[in-house]
Structure formats: C-alpha cells, structure tokens
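Colleague: Any chance you can model this:
(2 chains)
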Amino acid sequence: MDAILLQVLNGLDKGGAYALIALGLTIIFGTLGVVNFAHGALFMLGAFCAVAVKSVLSLEKVTLDPTKTTAWGTPMEIRVPYIEAWFGDFGATVLDFSVPISIIIAIPVMLLIGVAMERGLIRFFYKRPHAEQILVTFGLAIVLQEIVKSQFGANPIPQPAPDLAKGMIDFGIMVGFDAGNIVYPAWRLIYFLFSIVIITAVFAFLQFTTFGMVVRAGMADRETVGLLGIDIDKRFTIVFGMAAVVAGLAGVMYTPILSPDYHMGMDFLVLSFVVVVVGGMGSLGGAVAAGFMLGILQSFASMNEVKTIIPGIDQIIIYLIAVIILLVRPRGLMGRKGVMEH
Amino acid sequence: MSKKQMSRRGLLKSSAAVGVTLATPTIFTSSAWAAGYTNEPKGKTVTLGFNVPQTGAYADEGADELRAYKLAVDHINGEGDGGMLSTFTSKALKGNGINGKKAVFVTGDTQTKSDAARASAKRMIEKDGAIMITGGSSSGVAIATQGLCQDAGVIFMAGLTHSNDTTGKDKRANGFRHFFNTEMSGAALGPVLKNAFGSQRTAYHLTADYTWGWSQEGSIKKYSEKIGWKTAAAVRTPLGAGDFSQYITPVLNSGADVLVLNHYGRDMVNSLTQAVQFGLRDKQVNGKDFAIVVPLYSRLMAQGAGENVKGIFGSTNWHWSLQDAGSKAFVKSFGKKYGFPPSQAAHTTYCQALLYADACQRAGTFRPSGVGAALEGFKFDGLGNGPTEYRASDHQCFKDVLVVKGKENPSSKFDVLEVVEVTPRAQVEYPATMLGGNLGPYNDGA
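Modeller: Have a look, this model is predicted:
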C-alpha cells in the first residue's frame, strides 16, 4: 500500500508539470488555433530564467592569491559572490532562495517572450495549415534551444532547492500510516501544490474576469466576438503571453527536480501533446485531468511488479492510453465538438 | 519509323547492372581507394579526422576532446610546450610532424548518434582524405564508427567508450581503445566497495537501457556478488528519462541498502540528483548507512550533479589531480592554453592522438596494418596512467584504474572528485577470450 501511495505522489508531481505545460498548449490552441511546438521551449526558457537569476546572484568578486598557484601555474583565484561579500548572511540566504526569487523575474520575462513570439512570428501563421504551424514552431524551438546551448553549454546545470525545502516530509503520518513509511521530498510536494495554485489561478482568471469571459467567448466563436466590435486579436496576444508565463513558471519551479539543460523542453513537449490530445483539444479541464492521470499511470507502469508482467510497459504506457482513449472517445476525455474537426 | 524494343531479359539485365552500380558504397569507388592504402598521404601533410560530439547532449565533452586534439596536433608539430611528449617513454616523435609530414586535421560532428557519426567519418575519409579517425563519447557511436573504419581501411582510435563490447564482441583489427571498460571498473570497484561498506549488502541497480548500461550492470553485479553482496533488483530505465523518481521510489522500501546507478551523462546527473533528493544518501536500512555508487564518473558530469556527488564512489580513467610527471605536464599544458583542467575525455583523446602518431613514426608508414603492428603489444609510460600496454589480442590498453569519490569540501568547481585508490593493472586484467569477438585481419583499403 505504501508503495502505491508513493507512486501516486510521484505521479502527482510529474502530472503537475504535464498539466501546466498542457494547459498553456491547449489555451493557445483553443484561442488562436495554433499548434505550438515551441511550447516545450518556453518551459525550458523558464528553467533558464532560474539559471540566469542564479548566475547573476552568484557573480563573484575574484581576487588572486599570490601564495598559491593552480596546477597549470597561474595564481589561484579566490572567488566570493558579491552578494555575500556585501550583505553577509542575508546575501547567502538570497542566494539560497534563488529558485523562488526567479519566479518574480520569470513572470515579466516570459510574458515579454510570449508576446514577442506571437507578434513577431506566430500571428503570420494563424490562417496557414496546421502542418506549416508545426514546422515553423518546431524550427523556432530548435533555434531557441541552440541559443540557450551556446550561452549555457550542453551539460545540466544544478539548481538546488532552498535548504528549508531540501528535506523529506513524512506524508504517511498525515494519512494514518506508521512513521517513516511514506516519506517524500518536500520540494516535490511544493511543486505539486504550486501547480494546483497556478491551475486554479488560470481557471479563476478565465472564469471570473471580463477579460477571461471575452477570451472564452472568443474560443467558442471568434467571428461573433469580432462582430461585436471587440479586438479579440489583442486579447489573444495577451493569452499567448499568459500561456508562456504558465509554461515558464512550471520550468522555474521544476529546476530543483531536474537540473536544466537545453534539451529539457523537447523531453516534455511530446508528452504534453499527448496530454492535450487525451484531454481533448482546446479543453482546459481535459488537459489538467489528463496531465495528472497520465503522470500517475506512468508512475504505476514503472513499478517492478508491473514491469515483470509486461516488460517495457513504462516506456509505452502513455501512448497506449492515448490510443485507447482516442478509440473510445475520439475527441479525447473532455473534447468539444467542432474543435480540430474542420 | 523504327521502334526500339527492349526484351524482358534485357530490361532485367540493365536493371540489375544499374542496381549493382547504385548499391556499391561510394567509399569503395572514391579516390580514397585509389592508392596503395586508403588515403596514403602524398604531399607534405597528413590529415587526421577528429569525430567528436559537437552538438547534442555530450557537446561539452566533445568540445573538451577537440581542445585536447588541437593541443596534441600542436605538440606533434613541435608547437607549444610539448605537453606529455616530454614524459612519454617513446621518443620516436621529434616535434616535426608524423613521418616528416605536418599533421593537420578535419573535424566531424557525431551528434552522439551512430548514423551521424558514421556519416561524418565517411565524409572525412572520402572527401577530406583522413588517414585515421578518432574521438567520440559513446559506445554505440564507437562501435559503429569502428566498423566503418574497418571497412574503409583506416585506423580508428576510439575516444570515450566504456562498454566491454568495443574491444570485446565487436572488436575489429583496425580499432584501438585507450579508455578502460566496464569489466575493469567492476574489478577495481569491488574490493574498494567491500572495504567501505562490508560484504553484507543488497544492491539495487538502475540501468540505462542500451549496450553500455547492460555491460556496466553485468560487470558490477559480477564483482559485487563476488564480494558477497546480493542483488535485490536490476531495473532498466529508458535513455534520457529525465525524471527517474518513479524508478527511485521502489528502492525506498525494497530492502536494498545500496543503489547502483548504471547511468552516464544527463541520466547520471538526473538520477543521482533525484536519488539524493529522495533522501537515499542519508537513509539507514538494515542498520547500515544507505550507499549510492556511480560506477563511471566523469568530472564534467559530476559538476552537473553539484553537491550531490559528495561521498559517492565511482571509477574513472584519469583525473587531473594525479601527481605523476605525465599528468602534471598535460594539466599544465592544457590549463595554460584553455584556463581550466582537462577532463578524462580530453586525456584519453590526447593520448590516442599521440599514440597513433608515435606508432606511425615507429612503423615508418601510415599503412593501417603497419601502424597496427606497431601498436600491438606496445608498452609505454609517461602518459598519466603509469605503465601501460596496448594488448595485441584485443587492442585494449591495460593500465591502472582510478577509484574516485565525490569530494566533501571542493576547493573549486573543477575539484569535485578525489582519488581514493589507484587499482593496479594486474587486478583489472582479464583474458582476451573472456569478452568474445574476433579482431579479424587488418584492412589497408587496397
């Protein structure tokens, strides 16, 4: 039982990342009708916002120690981050909290990137076939990851969680198990809660604000909204920016779980597309439900007991479920009639 | 009006002739094959082909290999401080190139993909006239490129490849490996692990699901079971899984008290980081401290895992902190030129370039069979690994193996590993027949 609960927790934090990326993807598809293969790159760019913030906070004061030399004969460098040299313990704490601090920086940066991407490239492909949208956004993703690689290298760059969130939480005690049976990394639980907060915020924004109401109306019938004199394009640009922010924040908070490298976006992209298709193209609720469902199923499929019965199931489970769902419900779990059907 | 008609037989004959022509690999028809042996150098230069990952997940390792190759070419041509040429026991190279010809080089990008590596090697042989191909950062790539070089009639000096198969079941006469293999890692780690953790242990393996991972898992299981350890489970994980948490959680309550991560590169960084995140390094099982082992360490990758490597055992082919004259000369030369110490990938590729050049010089030819004969059974020292021999029967270098541990208090970002034992060559040596395979005859390409 404890092994099953551990895998449920596992699936929830993994599913949180899938759901956040898929949410942005499906918003963009639902509003703009664009199949955005660069969305994984936005997740990666968010993660590299955290890397960049940490790099800036870690800028070092370099002094040479003439009494010691390196193995190649140059004087040894003594490196102290400026922030620690100037602010002492407070500086060290700021450095320790670089990942949460990155959220504040990532929101405007990702919004700007999203708006620039939409205005500079995507909008020219609104009326083009989906195949062309896929080609151009996939090309953009490759360009973005190569830029990141040229700046940050190909190796993963560690981004530790703050010391406060590094330990384990005894989740078992909370649900009536013996102490020590179900312990889970604190940061992963924080990530799960964070994803719930973001998902709720996005739903609330679309459900309870006038802006959200117009966007939802535009998703349902873009032409009629235009006829009412509402500039839906402008709103959709902001929606694209918002989707970029959601993907970016998912990336920032994921960095202590997965050391970021330039390729991490591609790793999540295909899975997120499966999540969107399983959830139903353009369905926000579907994307979230499918994200968590597939995350949990993937975790269960990796259990030794399951792999012994069906070897290799962990590598195909998501695609297998996608096939089954699409056979039973061709529009996905919560797909709407008319979306992606013309 | 006359009308030409083709008979059915004629059509079949013509189609067969066209088919045979098109199916003949261009490597057999190109000018590369026109001389006495493939790409026999006629002018004042000799071209070496450096096939390294310049893009993809191992691009940083590939960049370090390329730096080392450039340094080796400088030293072969008599430029720079000479590096390990001054400590190398063979004094055949005089700093005036190879066999009186200036060494020049061309580069290819393996992308860490077998097909891309073969394509770039083929291009360097056919178009650029490379006499030898060297480099790479993966066993799959090394085996694929080695096969191509054998067919093309050029020597292949493998880069970073750790699978037993490279000089085991997939060995070829034209291929030579300086880097160690999983068998040697297992043989070196076994006694160290026994000393550190005792003989009453239960290990849980997470293994990258491809040739190198299987090879590594087999070797570590063999030597850990030899010291009395049990194996709780050996679970295969997809290459590039990213998040390994679903494979790590079953370890928590499995009864195992050792986790062996048969992963390399990004997979190693991620699985180790996540294992530490799940508290495995600080866990107690069966009244013992839980241990994590990473059988193949790379300093570049260890940097990626950051503080998570602290106290974790593994093995490596070479480390820049070694204090022998050869290592010091290489670190000095490399560090002066690039501002940081070389990785083990840089070291093995630098050695391979020097060893090839030296063998050509001693053989007085670039003919692959002549160069191979000069390398076979060649005993040398001064290249950072102590007394070394290129064994004739499998073209594998035999030398001491380093067991390392993640450093508790690193003094810089390069200072992440410490050498805990130098395992003598005799302890890691095995009979050539053990790993199977057949070298076959040399191919000079004529």
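Colleague: Buried ones in stretch A:103-123, by neighbour count?
Modeller: Within stretch A:103-123, the residues that count as buried by 16 or more other C-beta atoms under 10 Å in any protein chain shown are A:103, A:105-107, A:109-111, A:113-115, A:117-118, A:122-123. In this view, the C-beta of every residue, glycine as well, is placed from N, C-alpha and C.
Colleague: Number of residues surrounding whichever residue of the stretch 1-150 of chain B sits closest to chain A?
Modeller: Checking the stretch 1-150 of chain B residue by residue against chain A with C-beta to the nearest C-beta singles out B:Ala59 as nearest, at 3.8 Å. As a burial measure, the neighbour count of B:Ala59 was computed by other C-beta atoms under 10 Å in any protein chain shown and equals 22.
Colleague: now swap in the one 10 residues further on and tell me
Modeller: Applying other C-beta under 10 Å, we find 24 other residues in the vicinity of B:Tyr69.
Colleague: returning to that earlier point: in the buried residues of stretch A:103-123, find the pair that's most separated.
Modeller: Taking C-beta to C-beta as the measure, those span a maximum distance of 28.0 Å, between A:Ile103 and A:Arg123.
Colleague: coming back round to it: leaving aside the residues next to it on the chain, what's closest to the residue of the stretch 1-150 of chain B closest to chain A?
Modeller: Take B:Ala59 and drop its neighbours on the chain: the residue closest to it by C-beta to C-beta, 6 or more residues apart in numbering or on different chains is A:Ala154, 3.8 Å away.
Colleague: contacting residues for the one you found?
Modeller: Residues touching A:Ala154, when contacts are defined by C-beta atoms under 8 Å, 6 or more residues apart in numbering or on different chains, comprise A:261-262, B:56-60.
Colleague: repeat for A:Phe43
Modeller: Contact partners of A:Phe43, counting by C-beta under 8 Å, 6+ apart, are A:21, A:247-248, A:250-251, A:254, A:264-265, A:268.
Colleague: so what pLDDT did it get?
Modeller: Among the per-residue scores, A:Phe43 shows a pLDDT of 95.
Colleague: Distance-wise, check A:Ile199 relative to chain B.
Modeller: From A:Ile199 across to chain B, the span is 19 Å (C-beta to the nearest C-beta, to the nearest Å).
Colleague: That residue sits in which helix or strand?
Modeller: Per DSSP states H and E, A:Ile199 falls inside helix A:186-208.
Colleague: just checking, what packs against the helix or strand following that helix?
Modeller: The C-terminal neighbour of helix A:186-208 among helices and strands, as given by DSSP H and E, is helix A:210-220. Based on contacts counted as 3 or more C-beta pairs under 8 Å, 6 or more residues apart in numbering or on different chains; DSSP states H and E, the elements that helix A:210-220 packs against are helix A:2-32, helix A:186-208, helix A:222-227, helix A:232-254.
Colleague: Could I get these in a markdown table, plus columns for mean pLDDT?
Modeller: What follows is the helices and strands packed on helix A:210-220, written out as a markdown table (pLDDT from 0 to 100):
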| stretch | mean pLDDT |
| --- | --- |
| helix A:2-32 | 87 |
| helix A:186-208 | 94 |
| helix A:222-227 | 82 |
| helix A:232-254 | 91 |
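Colleague: I'd like these laid out as TSV, including distance to A:Leu135 and mean neighbour count.
Modeller: TSV is the format used below for the helices and strands packed on helix A:210-220 (distance: least, C-beta to C-beta, whole Å; neighbours: other C-beta atoms under 10 Å in any protein chain shown):
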stretch	distance to A:Leu135	mean neighbour count
helix A:2-32	16	25
helix A:186-208	28	17
helix A:222-227	24	13
helix A:232-254	19	25
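Colleague: How many neighbouring residues does whatever residue of the stretch 101-250 of chain B ends up closest to chain A have?
Modeller: Closest approach between the stretch 101-250 of chain B and chain A, counting by C-beta to the nearest C-beta: B:Gln246, at 3.8 Å. The local packing of B:Gln246 (other C-beta under 10 Å) involves 23 other residues.
Colleague: and it, what pLDDT?
Modeller: The model reports B:Gln246 with a pLDDT of 89.
Colleague: my read: it touches A:Lys14, true?
Modeller: Yes. Counting by C-beta atoms under 8 Å, A:Lys14 is a contact partner of B:Gln246 at 7.4 Å.
Colleague: so what sits against both of these two?
Modeller: Common neighbours of B:Gln246 and A:Lys14 (criterion: C-beta under 8 Å, 6+ apart): A:298-299.
Colleague: per-residue confidence averaged over the helix or strand hosting B:Glu65?
Modeller: Remark: B:Glu65 resides in helix B:59-76, with elements defined by DSSP H and E. Averaging the model's pLDDT scores along helix B:59-76 yields 95.
Colleague: Would you mind writing the CA trace of it as CSV?
Modeller: Below are the C-alpha coordinates for helix B:59-76, written out as CSV (Å, rounded to 0.1, in the frame of the first residue of the first chain):
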residue,chain,number,x,y,z
ALA,B,59,28.7,18.5,-26.8
ASP,B,60,30.7,19.8,-23.8
GLU,B,61,32.6,16.6,-23.6
GLY,B,62,33.1,16.7,-27.3
ALA,B,63,34.4,20.3,-27.0
ASP,B,64,37.0,19.1,-24.4
GLU,B,65,38.1,16.3,-26.7
LEU,B,66,38.6,18.7,-29.6
ARG,B,67,40.6,21.0,-27.4
ALA,B,68,42.9,18.1,-26.5
TYR,B,69,43.2,17.0,-30.1
LYS,B,70,44.3,20.5,-31.1
LEU,B,71,46.8,20.5,-28.3
ALA,B,72,48.1,17.1,-29.5
VAL,B,73,48.5,18.3,-33.0
ASP,B,74,50.4,21.4,-31.8
HIS,B,75,52.7,19.1,-29.8
ILE,B,76,53.2,16.6,-32.7
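Colleague: Between helix B:59-76 and the helix or strand following it, find me the angle.
Modeller: Downstream of helix B:59-76, the next assigned helix or strand under DSSP H and E is strand B:102-109. Interaxial angle, strand B:102-109 versus helix B:59-76 (axes from the mean of the first three to the mean of the last three C-alpha atoms, to 10 degrees): 170 degrees.
Colleague: Strand B:102-109 close to chain A?
Modeller: No. Contact check for strand B:102-109 against chain A, using C-beta under 8 Å from any C-beta of the partner chain: none in range, with a minimum separation of 12.5 Å.
Colleague: Could you pull up the mean pLDDT of that strand?
Modeller: Model confidence over strand B:102-109 averages 97 on the pLDDT scale.
Colleague: Check stretch A:328-342 too.
Modeller: Across stretch A:328-342, pLDDT averages out at 73.
Colleague: now swap in stretch A:69-77 and tell me
Modeller: Mean pLDDT, stretch A:69-77: 86.
Colleague: end-to-end on that stretch?
Modeller: The first residue of stretch A:69-77 is 9 Å away from its last residue (C-alpha to C-alpha, to the nearest Å).
Colleague: Equivalent analysis for stretch B:222-237, please.
Modeller: End-to-end distance of stretch B:222-237: 20 Å, with C-alpha to C-alpha as the criterion.
Colleague: What of stretch B:161-180?
Modeller: End-to-end span of stretch B:161-180 (C-alpha to C-alpha): 8 Å.
Colleague: which of the residues in that stretch are buried?
Modeller: Within stretch B:161-180, the residues that qualify as buried are B:161-168, B:170-180, counting by 16+ other C-beta under 10 Å.
Colleague: one step back: so the residue of the stretch 1-150 of chain B closest to chain A sits right up against B:Glu65, yeah?
Modeller: No. Contact criterion C-beta under 8 Å: B:Ala59 and B:Glu65 do not qualify, at 10.4 Å.
Colleague: hang on, the earlier thing: could you pick out which of the buried residues of stretch B:161-180 are located in strands?
Modeller: Here DSSP state E is the test, and those give B:175-177 as lying in strands.
Colleague: Where does chain B get nearest to chain A, residue-wise?
Modeller: Distances from chain B to chain A, computed as C-beta to the nearest C-beta, single out B:Gly335 as the nearest residue at 2.5 Å.
Colleague: That's all I had, so thanks and see you.
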